[in-house]
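[1] Sequence unavailable; structure follows:
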Ligand SMILES: [Mg+2]
């Protein structure tokens with residue numbers, strides 16, 4: 001231990017939004033549960049389980065995202081296409097009424113509240129006061145994501161809030177230049193993997209105990225700091241700078 005007490009260098013801290021700063025996935029899981037019940041209640045009873053259905057919907061959504069980037073109705077479109085593929089596989093007629101009902105159920109995500117997690121605004125203020133530079137990088141539709149930022153009073157909390165449609169790597173690369181930088185998020189593929197590739201310090205918010213969590217596959221967590229909720233971040237930074 002030295003005798004002097006050097007002032008720690010400020011971090012550039014990049015935050016994910018959905019399920020990092022505000023509750024999000026739960027509303028998607030509720031909508032998914034409705035879609036699954038509907039599909040199972042019609043012609044697919046007994047043929048498909050929840051995990052298979054959700055895996056198929058997510059695979060279709062990833063393909064849509066690669067083709068078009070993130071857009072407002074991607075979730076609904078992916079459920080609609082899931083239904084279409086199930087019909088094709090099983091030789092069933094595609095029923096427009098069922099499709100409309102599916103779109104309505106999955107579209108419920110647009111009316112959800114997306115409330116900010118307790119203590120987040122105070123934590124962000126504390127980090128700003130300590131001199132850290134805060135950015136939000138959220139993946140999704142521009143208008144939809146901005147509305148989540150606004151309704152939670154987060155516009156003034158960041159140096160800048162960035163909404164991206166094609167992955168976070170490029171913006172993370174630009175924000176990280178020449179700074180000690182960390183990426184704080186709950187998604188291993190969207191937040192943690194790009195951070196590792198760019199030698200940005202990854203901080204993973206581990207929701208893997210959640211009932212609806214679908215694993216991201218086996219991951220190398222070497223060098224990744226793991227916390228249970230985002231408000232544990234100031235303690236972690238104090239430890240890293242200590
Ligand atoms: Mg997230």
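    It's in. All values reported here derive from a predicted model rather than from experimental measurement. Residues are numbered from 1 along each chain as shown.
[2] what residues does the longest strand anywhere in the chain touch?
    When every strand of the chain is counted residue by residue (DSSP state E), the longest turns out to be strand 133-139. Strand 133-139 is contacted from outside by 10-18, 21, 70, 124, 127-128, 145, 148-149, 154, 157-165, 167-168, 171-172, 175, 179, 190, using C-beta atoms under 8 Å, 6 or more residues apart in numbering. Where C-beta positions appear, they are placed from N, C-alpha and C, glycine not excepted.
[3] Would you tell me what the next helix or strand after it is?
    Later in the chain than strand 133-139, the nearest helix or strand by DSSP states H and E is helix 142-151.
[4] those strands in the protein, which residues are they?
    Under DSSP E, the chain gives strands at 12-15, 133-139, 160-164, 181-185, 201-205, 225-227.
[5] who wins for proximity to residue 36 among those strands?
    Evaluated over the strands of the chain, closeness to residue 36 peaks at strand 133-139, with 24.1 Å, by C-beta to C-beta.
[6] where along this structure do the helices fall?
    With DSSP state H as the criterion, the chain has helices at 25-41, 50-68, 74-90, 96-106, 120-129, 142-151, 169-175, 193-197, 233-241.
[7] nearest to the ion, of these?
    Closest approach to the ion among the helices of the chain is made by helix 25-41 (7.8 Å; C-beta to the ion).
[8] Next, find the distance separating residue 60 from residue 33.
    18 Å (C-beta to C-beta, to the nearest Å).
[9] Who has more neighbours out of those two?
    Neighbours per residue (other C-beta atoms under 10 Å) separate residue 60 from residue 33, with residue 60 holding more: 19 against 14.
[10] Get me the contact residues on the protein for the ion.
    16, 18-19, 186-187 (C-beta under 5 Å from the ion).
[11] again, only using 6 Å
    Residues of the chain lying close to the ion (C-beta under 6 Å from the ion) are 16, 18-20, 185-187.
[12] Could you dump those residues into TSV with neighbour count added?
    As requested, the residues of the chain next to the ion are exported to TSV (neighbours: other C-beta atoms under 10 Å):
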residue	neighbour count
16	23
18	21
19	20
20	23
185	27
186	24
187	20
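[13] Quick check: of the residues you listed, which lies closest to residue 105?
    residue 18 (19.8 Å).
[14] Any idea what the closest one is bridged to?
    residue 22 (DSSP bridges).
[15] For residue 74, see how far away it is.
    14 Å.
[16] Report the buried residues of stretch 37-55.
    Buried residues in stretch 37-55, counted by 16 or more other C-beta atoms under 10 Å: 38-40, 44, 48, 53-54.
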